[in-house]
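Peer 1: I would like to see how this sequence folds:
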Amino acid sequence: MIWRIVSAMLVVWLLGFVLFAVTLPRPLENGVSDVVIVPTGGAGRIERGLEVIDRGYARELFVSGVDPEVRAEEFAEQFDVSAQEMDCCVTLGFDAVDTRSNAREAANWLEQRGVRSVRLVTSDWHMPRVYAEFRSVIPSEITIVQDATVGSPSLSTLFLEYHKFLASRIAYYTGL
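Peer 2: Sure, this is the predicted structure:
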C-alpha cells in the first residue's frame, strides 16, 4: 500500500515538473499597464522593463531588489537612461533580497500609487514563482500581467526553480 502512495506521489511530482517546464510564459507583445515591475537578478529583465516604458506600455518602472551600493546615476549610465526618464519614470527599490521580499517591496511601492494594473517582467523560468509571490501580497483588484523574458535555462535550473516554486506554495498555504 505504501509503495502505491509513494509511486502516485512520484508520478504527480514528475508530471508537475514536466507541466512547469513546458508551460513557461512568453513575452507579452502589447497591452498597456499602469506600471511595470522588474525584480533584479536575470539578464534582460531591466532592459525589457525599460523597453516597456519606451514603447508607452506603462508609465512607470519599479526595479525591486537593487543592490544598496548602486547609485541612481550608475544605474542610468549602465542602462542608458536619461536623467529626465530617471526622474519621471524609474524608481529603484533597495530593500528586497529575495523573491518574497521583492513582492513585499513592490506591494509597498504600489500602495502609494493608485495603480490598477501591473506588468511583471522576469525570466520565463522564474515567472511562476514570482507571479505567485506577487499575487499573494498585491490586492486582488490590481491586475498583474506576465511579461517573461525568454531564457535558456539548464535542466538543473528548471529543476531547482520548480522546487523553489513548490516550496513557496507550501509556505503560502501553510502560513510559514
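Peer 1: any idea which helix or strand carries Gly31?
Peer 2: Assigned by DSSP states H and E, Gly31 belongs to no helix or strand.
Peer 1: before we move on, what about Cys88?
Peer 2: Element membership for Cys88 (DSSP H and E) is helix 83-89.
Peer 1: counting contacts, what elements does that helix pack onto?
Peer 2: helix 72-78 (3 or more CB pairs under 8 Å, 6 or more residues apart in numbering; DSSP states H and E). (Glycine included, C-beta is placed from N, CA and C.)
Peer 1: now the helix it packs on: buried residues?
Peer 2: Phe75, Ala76 (16 or more other CB atoms under 10 Å).
Peer 1: how about stretch 161-176?
Peer 2: Glu161, Tyr162, Phe165, Ser168.
Peer 1: how close does the last one sit to Thr99?
Peer 2: Right, the one you point to is Ser168. Plainly put, Ser168 is 7 Å away from Thr99 if you go by CB to CB, to the nearest Å.
Peer 1: hmm, back to that, let's see the helix holding Cys88 as CSV, backbone CA atoms only.
Peer 2: C-alpha atoms of helix 83-89 as CSV (Å, rounded to 0.1, in the frame of the first residue of the first chain):
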residue,chain,number,x,y,z
ALA,A,83,18.2,61.9,-16.3
GLN,A,84,14.7,63.0,-17.4
GLU,A,85,13.5,59.4,-17.7
MET,A,86,15.0,58.5,-14.3
ASP,A,87,13.2,61.5,-12.7
CYS,A,88,9.8,60.8,-14.2
CYS,A,89,9.6,57.2,-14.8
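Peer 1: what lies in contact with it?
Peer 2: Identification of contacts with helix 83-89 by CB atoms under 8 Å, 6 or more residues apart in numbering yields Ile53, Arg59, Glu60, Leu61, Ala72, Phe75, Ala76.
Peer 1: rewinding a little: just name the closest of the buried residues of stretch 161-176 to Arg26, please.
Peer 2: Glu161 (16.6 Å; CB to CB).
Peer 1: got phi/psi on the closest one?
Peer 2: When read as degrees, to the nearest 10, the backbone of Glu161 gives phi -70, psi -40.
Peer 1: re the thing from before, Asn108: which of the contacts of helix 83-89 is nearest?
Peer 2: Glu60 (14.7 Å).
Peer 1: state the distance from the residue lying closest to that closest one once chain neighbours are set aside to Ala96.
Peer 2: Ranked by CB to CB, 6 or more residues apart in numbering and with sequence neighbours excluded, the top spatial neighbour of Glu60 is Val35, at 4.6 Å. Distance of Val35 to Ala96, given as CB to CB: 16 Å.
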